[in-house]
Structure formats: structure tokens, C-alpha cells
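**Student:** Please work out how this folds:
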Amino acid sequence: MAEGPLQVELVAADRTVWSGQATMVIARTVEGDVGVLKDHAPLLSLLADAVVEIETGDETVVAAVDGGFISVAHNRVSILSEQAFLADEIDVKAAESELEEARNSEDDDADARVRRAEVRIRAAEKAS
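**Tutor:** I've put the predicted structure just below:
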């Protein structure tokens with residue numbers, strides 16, 4: 001693995017969720033998973049509702065993102081999402097309730113709400 005700093009910004013519409021240096025970022029785009037190391041080729045892609053992992057060398061930061069974009073250039077990684085939550089911010093019981101409610105709903109956005117609740121639960125489980 002290429003060691004070295006990537007400058008990473010994980011940003012939601014209302015706040016900077018996480019910012020710092022990392023050795024690797026793993027995210028899921030609509031085309032599949034992508035791993036970013038130092039000196040990665042420039043990239044701009046749509047994110048899927050998924051878990052993002054940021055390896056800092058000391059820890060793995062796990063977050064849930066509700067779609068968005070990932071941009072990579074010159075050892076800078078920007079992850080932009082309407083909503084993003086660090087795993088330790090996620091209330092698993094609330095996410096499980098949201099999941100159950102969405103599964104029992106017949107409204108137009110029920111599938112999206114199911115995916116997002118499942119992602120939050122996976123992020124919390126992955127970090128524990």
C-alpha cells in the first residue's frame with residue numbers, strides 16, 4: 001500500500017462531518033467500489049448510498065453517506081453528500097425503526113429510505 005497523506009474532506013449539506021489526513025479512502029460509487037491511495041489518478045464520480053471508510057493509520061473512520069459525489073485530485077479527496085453521519089453519531093435503534101417504517105410504507109421514496117436506513121445500520125455495525 002502506498003503510504004502517505006491524503007487530505008480528506010467529508011462534507012454534508014449542513015456541516016463538515018470529518019476532515020483530516022488519511023492513507024486510504026474506500027467509497028462506493030454508482031459504478032462500484034473505489035479505493036483511493038496517495039497519487040491516485042484524478043476522479044469524479046457519483047456516490048451510492050453507502051458506507052465510506054477513511055483509514056488514517058491510527059484508526060478507521062466509518063461514515064454513512066446518502067449518495068453525493070467523490071472528487072480526487074492532487075492527493076485531495078472530497079466527499080460531498082446531502083447527508084453524512086459518522087458511525088458513532090448513528091442511533092441504531094432509531095435507524096432500525098426507520099427501516100421498519102420504510103419497509104411498511106407504500107410511498108414513492110420508501111425504497112430510498114430503506115437503503116439509507118440499511119446503510120446507517122451497516123456503518124454503525126462496521127465501526128463496532
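
**Student:** which residues touch the nearest residue to Gln21 once chain neighbours are set aside?
**Tutor:** Distances taken as C-beta to C-beta, 6 or more residues apart in numbering place Pro5 nearest to Gln21, at 4.3 Å, with adjacent residues excluded. For the C-beta atoms, the positions are set from N, CA and C on the backbone; glycine is no exception. For Pro5, the contact set (C-beta atoms under 8 Å, 6 or more residues apart in numbering) comprises Gln21, Ala22, Thr23, Lys38, Asn75.

**Student:** Mind listing what's buried along the longest helix along the chain?
**Tutor:** Determined from DSSP state H, the single longest helix within the chain is helix 110-127. By 16 or more other C-beta atoms under 10 Å, the buried positions in helix 110-127 come out as 113-124, 127.

**Student:** try stretch 62-69
**Tutor:** Val62, Ala63, Ala64, Val65, Asp66, Gly67, Gly68.

**Student:** now, the most widely separated pair of these?
**Tutor:** Val62 and Gly67 (17.2 Å; C-beta to C-beta).
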